[in-house]
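Colleague: Below are the sequence and a predicted model; questions follow.
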Amino acid sequence: MMRRDDDVIIGLVARTASPFIMIFALYVIFHGHYSPGGGFQGGTMLAAALILVRLAAGDDLAQLQFPRAWGTPLGSAGVLIYWGTGFVAMLCGGNFLDYAFLPLAGAAPHRRNLGILFIEVGVGLAVCGILTAIYDDLLEGRPRD
Amino acid sequence: MFGAVLVLAGMSLPDRGDPRARLHRDPSAAGTPNAPSYYIRSPERDADTPNMVTVILADYRGFDTMGEETVILTAGLICFLILRRERSKEKRS
C-alpha cells in the first residue's frame, strides 16, 4: 500500500489550507451573533481542518498538530463550559442557564449576549474535540505508518 | 396509499410563514400569546443580538442545545469505550 504522506502536493495543500479553515471556523463561531453560523457549524469546520491534516499529511504531523489524547478531554471541556455557565448563573441567583445573572459587566441584554458567546464557544470546542476523537478512535488498532 | 394521504394532507397545509394562517396567528386560536411571534420580535431587546436563530438556539432553547451537546459527548465517549476495548482484546490474544 502506498504511504499516504508520500505525495508532496497533497500534503502541502492540506498543511497550508488547514490554518485558513481554522481561522474561518473561528470566524463562524464568534460571528454567529450577526450572521448564519454558531458553535455546531464552526466546531465541525475546526474538526474538518484537523481531519484534513490527519488524512493527507500523515500521522506524525497530525499528532504534532493535535495529539490523539486531546480529543475526548477537549470535548469534555466544551461540555463543562456549557454546564458551568449554567451553574454560575444559578449560583448568582438566577435560574439554570439564565445568562442575565452571570457576574459580568453591562446591562442584562449585554450579559445575555456574552452568555450566548460562552455557550457557542463551549459547543464549538465540544463538537471539534468529539469529531476528531471519533475519527481517531475509528483508526485505533490500524498498523501505524 | 399512505403516501397519497400524506401528499393530500401536505397540499392543504398553509404556506410557510403565512401570517394569516390559523397556525401562525397571534394570539393563537386558544387565545394565548404565540411563542414564534415573541421569538421574532424580542431577540434584539432581550439579548442585544440581531441573529434570532442564535438567540433561540442558545438562550430561549438553551436546555435543548445543552442536551444536544451532551448527546454528542456521549456518542464520542461510547466510540472511545467500544473501540478502546477491542484494541485491548487484540493485545491479549
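Modeller: Arrived safely. Numbering: from 1, shown residues only, chains lettered A, B, ... in the order given.

Colleague: use CA for all of it now, contacts and neighbours both
Modeller: OK.

Colleague: What confidence value was assigned to residue 37?
Modeller: The chain I'm using is chain A. Looking at A:Gly37, its pLDDT reads 83.

Colleague: wrong one, I was asking about chain B
Modeller: Confidence score, pLDDT, at B:Ser37: 79.

Colleague: nearest residue to it other than its sequence neighbours?
Modeller: Nearest residue to B:Ser37, sequence neighbours excluded (Cα to Cα, 6 or more residues apart in numbering or on different chains): B:Asp26, at 7.0 Å.

Colleague: what about chain B, any weak spots by pLDDT?
Modeller: Residues of chain B meeting the criterion pLDDT under 70: B:85-93.

Colleague: Which parts of it belong to which domain?
Modeller: By the record's domain assignment, chain B is partitioned as B:15-50, B:61-93 (automatic domain parsing).

Colleague: Would you mark the buried spots in the last one?
Modeller: For domain B:61-93, burial by neighbour count (16 or more other Cα atoms under 10 Å in any protein chain shown) applies to B:62-63, B:65-66, B:69-70, B:72-73, B:76-77, B:79-80, B:83.

Colleague: restrict those residues to those near chain A?
Modeller: Counting by Cα under 8 Å from any Cα of the partner chain, B:62-63, B:66, B:69-70, B:72-73, B:76-77, B:79-80, B:83 from the buried residues of domain B:61-93 sit close to chain A.

Colleague: So which of these are in helices?
Modeller: Secondary structure from DSSP state H places B:62-63, B:66, B:69-70, B:72-73, B:76-77, B:79-80, B:83 of those in helices.

Colleague: For chain B, what is the nearest residue in chain A?
Modeller: Nearest residue of chain A to chain B, counting by Cα to the nearest Cα: A:Pro109, 4.2 Å away.

Colleague: give me the element that residue is part of.
Modeller: Here A:Pro109, judged by DSSP states H and E, is contained in helix A:108-138.

Colleague: Could you list the buried residues of that helix?
Modeller: The neighbour-count check on helix A:108-138 (16+ other Cα under 10 Å) flags A:108-137 as buried.
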